[in-house]
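Novice: sharing a model that was predicted from the sequence below.
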Amino acid sequence: ILLLLHALMLLGADEISSIENGGIRTIRSLGRILTLYRADPEPFLMSLPEWLAVGFGWVLSMPGWGVLAVIGGALAALFRARD
């Protein structure tokens, strides 16, 4: 639930940034969000093999709210209460 709430917060922050920029769509990538949280992914990517760095780089270039929503939704479905 915390990942889903954080994804909604990031979606709202992107919308506010878009309004502040005069309607120009502003979407922050997961890599940029991690950098804002002082968890720069670049040193981690440089230590990975080339084929793995490309995959992680692709995920880090996606919208942050989307990645967190997918992970949070998958975890919520996986660990939901069963009858």
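Specialist: Now that the structure is in, tell me what you want to look at. Keep in mind that this is a model prediction, so the values were computed, not measured.
Novice: against Leu11, how distant is the residue nearest to the spatial centre of the chain?
Specialist: The residue lying closest to the centre of the chain (Cα atoms, centre = their mean) is Gly64, at 2.1 Å. Using Cβ to Cβ, to the nearest Å, Gly64 is found at 9 Å from Leu11. Where you see a C-beta, it was placed from the backbone N, CA and C, and this is true even at glycine.
Novice: just list the residues touching Gly57, thanks.
Specialist: With contact taken as Cβ atoms under 8 Å, 6 or more residues apart in numbering, Gly57 is in contact with Leu45.
Novice: in terms of helices and strands, where is it?
Specialist: Taking DSSP states H and E as the criterion, Gly57 maps to helix 50-60.
Novice: beyond the helix ranked longest in the chain, next helix or strand please.
Specialist: Using DSSP state H, we find that the single longest helix of the chain is helix 2-20. Next in sequence after helix 2-20, counting helices and strands by DSSP H and E, comes helix 30-36.
Novice: identify each buried residue in that following helix, please.
Specialist: Residues of helix 30-36 classed as buried by neighbour count (16 or more other Cβ atoms under 10 Å): 30-31, 33-34.
Novice: which residues does Val67 contact?
Specialist: So Val67 contacts 30, 59 (Cβ under 8 Å, 6+ apart).
Novice: which residues touch Leu45?
Specialist: Neighbouring residues of Leu45 by Cβ under 8 Å, 6+ apart: 53, 56-57, 60.
Novice: of these, buried ones?
Specialist: Buried by 16+ other Cβ under 10 Å: Leu60, out of the contacts of Leu45.
Novice: got TSV for the contacts of Leu45, with pLDDT and distance to Met46 too?
Specialist: Formatted as TSV, the contacts of Leu45 follow (pLDDT from 0 to 100; distance: Cβ to Cβ, whole Å):
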residue	pLDDT	distance to Met46
Ala53	93	8
Phe56	93	11
Gly57	94	11
Leu60	94	13
